[in-house]
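A.B. asks: I need the structure of the sequence given here:
(chains A and B)
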Amino acid sequence: MLKSKYFYYCVALVGWLFWMDARGAGGSLVASGNEEPLPESIRDNPGAYRAQLALRARSTGGK
Amino acid sequence: MSGPQANCPSCGAPVDFRWAGAVQTTCTTCSSILIRHDLDLEKVGQVSQPPPRTSRIQLGTEGRHDGKSFTVVGRIAYSWERGGWSEWHLVYSDGSTAWLSDAQDEYAITRVGATERPPPAPDKLRPGVAMVLDGKRFEVVTITEARYAGVEGELPFEYWDHELVTFADLKSHEGGLATIDYSDETPTLFVGEYVDFGGLGLTGLLDPEAQQAQDVKTLSCPNCGGSVSLLRPTETVNVGCQYCGSILDAASPGLDVLQKVQNAKIPKTKIPLGAVGTLRGADYQVLGFQFRTITVEGIKYGWGEYLMHNDKNGFRYLSEYDGHWNYITPLKSLPEVRPKLGGQGRATLHGEMFKQFQTASARTASVVGEFPWEVRVGDKAIATDYVSPPRMLSSEMTDAETSWSLGEYTEPRRIWKAFGLEGHPSRPIGVFANQPSPDPTGTKQLRKIGLAASGVILAVFLLRTMFFAQTVTGADFRYNATTPDSSVAVLGPFELEGRPSNVQIKTRTNVSNTWFYIDVDLLNVDTGERFSVGREISYYHGRSGGESWSEGSRKDGALLSSIPAGRYALRIFPSGPSDVSYSVTIRRDVPPMMMYIAALFFVLVPMGFSEARRFKFEAARWAESDFPIVSEDD
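C.D. replies: Numbering: from 1, shown residues only, chains lettered A, B, ... in the order given. Sure thing, here's the model as predicted:
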């Protein structure tokens, strides 16, 4: 009785683990949100984007 | 079968020989012992009374063994401290002869064996001495000083004027037995095997009911006058009076007192003497009871041993200690013993391995009821137990004998049911040497299931790590607290493909005795969807009190869940008090290690409880042994 309960418990646990893993779960708590998409001009230009961000950072004193 | 005929020179009565090769016979009319010289008979002695009966076998009994029929034509009877026994002379249908030994309901057939060298003198033998006889390895188990108790019928040699005879009994690991008979100047070797009484197909036996009716005896103890019933008077050698504890001689007509016991503590038996119970499909009658003790580290431990008898199986024992019961069968074959000097020895019987449990000097503290051998209060033997739950192998060694028995743990309620005892058995105290674990099968199966589930989890984790997790991109950066430009960095854009799955942001730094903090935004450059997380990385180290120490880590891995496919960039906003070089790597579809560890933990916890319970049980078992698992110092 105990062994069959334990068997199903293990099956459920392993199943839950794989299902959660397949969903890509298990990460840290993150904040999410939406902002304006990046302008086309800098989407493929990380240098320009970084420069823009740096400029903004300087003007705001941070992020 | 018929042989020559002659007349008794003493009484003139006709003497018919069953076997033509007989050298000696006994006149059935006048009990003269006659030696045959061809057809002439010479009287050499007189049998005062028939030798004591040791079983239902008698002259003329017929049976089968080794595919041949045989007839019992003669007997030599002996007695010794463990009772009486008979050597029945068998003549087979093919003219060959053998001896059927009949002692305390154990039967063996032996024939003269071949020896390359004469067997050692009896004073050179002791129990445990090994030797090769008739091509097989044997060990001495008993050295017997027997008293000749009479003859009857036809024998292949002259045998009538003996008094004391020495025998050495030997056993092999395969169940064979050998006897060295020191009756004559030249010792004679007999080798053979134990046989099952029922398997011999004996006919012409004594009527059991007639024997029983004749046997029952009630006498008085000459010491205290108490009533002493003898259930098997012809086989009983000693009786322990259940009123005064005296040991009485059952062979003497008036039950002579062999041992008076001062201040005898008469044990109260849980199973009454004479009770009949059905155990393992056979009816056993309880004949006697001994209370025995061992002293270990100054503490006396005592247990009871009931002697039981069944006509077919012979003698068995039931032992009881603190409510734990064992059904015990004397062994006919020797176990293989591998002693270990200063350590735990092993014994193997029929392929089953037993671990040494305890060796102690066992003392008989009191005796009640009847025994088919000599027994005294104060008898001592070195008792060694080996266990393989639910079985226990036990040896008892004295100067003259080593005997082996196999005990099987028996639930008390089975004993109560078997003997129809009133009330309930007392609850067993503690864990007994061969008590089976509460659920050994369950524990093993739980272990199998738990290990299988753990194996699956680990295997999938490894497969996921090796074949599915992908490194998407990465770059090195440098942060300078005084350079505003370094307070922002961008990694990407990069493509995340496939189903929604996690994204790991791995950061490696060179921080040393400082901290470093990064805010990261994973930004979908096409949709503006953003996932943000902040991480602190700190690493401190040094030496204190002559020992080095460290705290924290130089690296970090942040896992973001269920990130859909798309084109992303990583915005990094580092901060900290000092310059830091750091690298950031983006990995996709990484197995979430903490979840795998958690799953493994929850799989192993129930198994761990089961194993811990088993360990606790085993520790309690072995705590009573010479080899505790957990020593008292721990």
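
A.B. asks: Now the stretch 251-400 of chain B against chain A: closest residue?
C.D. replies: residue B:389 (19.8 Å; C-beta to the nearest C-beta). (Glycine included, C-beta is placed from N, CA and C.)

A.B. asks: Looks like that residue contacts residue B:431 (just checking).
C.D. replies: No - using C-beta atoms under 8 Å, residue B:389 makes no contact with residue B:431, being 9.8 Å away.

A.B. asks: shared neighbours of the two, anything?
C.D. replies: Here residue B:389 and residue B:431 have residue B:621 as joint contacts, going by C-beta atoms under 8 Å, 6 or more residues apart in numbering or on different chains.

A.B. asks: Could I get the phi/psi values of the residue in chain A that chain B sits nearest to?
C.D. replies: Residue nearest to chain B within chain A: residue A:26 (2.5 Å; C-beta to the nearest C-beta). Here is the backbone geometry of residue A:26 (degrees, to the nearest 10): phi 100, psi 10.

A.B. asks: Return the distance of it relative to residue B:443.
C.D. replies: Distance of residue A:26 to residue B:443, computed by C-beta to C-beta, to the nearest Å: 32 Å.

A.B. asks: likewise residue B:237?
C.D. replies: From residue B:237 to residue B:443 the distance is 47 Å (C-beta to C-beta).

A.B. asks: cool, residue B:383 as well?
C.D. replies: 30 Å.

A.B. asks: out of the two, which sits in the busier spot?
C.D. replies: residue B:443 (20 against 17; other C-beta atoms under 10 Å in any protein chain shown).

A.B. asks: So in chain B, which strand runs the longest?
C.D. replies: Counting by DSSP state E, the longest strand found in chain B is strand B:352-371.

A.B. asks: the inter-axis angle of the helix or strand following that one versus strand B:352-371?
C.D. replies: Where DSSP states H and E defines the elements, the next helix or strand beyond strand B:352-371 is strand B:380-388. In terms of direction (axes from the mean of the first three to the mean of the last three C-alpha atoms, to 10 degrees), strand B:380-388 departs from strand B:352-371 by 140 degrees.

A.B. asks: Does anything pack onto strand B:380-388? Which helices or strands?
C.D. replies: strand B:352-371, strand B:391-397 (3 or more C-beta pairs under 8 Å, 6 or more residues apart in numbering or on different chains; DSSP states H and E).

A.B. asks: Can I get the ones you listed in TSV including mean pLDDT?
C.D. replies: Below are these laid out as TSV (pLDDT from 0 to 100):
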stretch	mean pLDDT
strand B:352-371	95
strand B:391-397	96
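
A.B. asks: Redo the ones you listed as CSV? Include mean neighbour count and distance to residue B:486.
C.D. replies: Formatted as CSV, the helices and strands packed on strand B:380-388 follow (neighbours: other C-beta atoms under 10 Å in any protein chain shown; distance: least, C-beta to C-beta, whole Å):
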stretch, mean neighbour count, distance to residue B:486
strand B:352-371, 20, 69
strand B:391-397, 21, 76
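
A.B. asks: who does the longest helix anywhere in chain A touch, helix- and strand-wise?
C.D. replies: Determined from DSSP state H, the single longest helix within chain A is helix A:2-22. In this structure, helix A:2-22 packs against helix B:440-463, helix B:593-623, with contacts taken as 3+ C-beta pairs under 8 Å, 6+ apart.

A.B. asks: would a markdown table of those with distance to chain A and mean pLDDT be doable?
C.D. replies: Shown next, in a markdown table, are these (distance: least, C-beta to the nearest C-beta, whole Å; pLDDT from 0 to 100):
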| stretch | distance to chain A | mean pLDDT |
| --- | --- | --- |
| helix B:440-463 | 4 | 89 |
| helix B:593-623 | 4 | 91 |
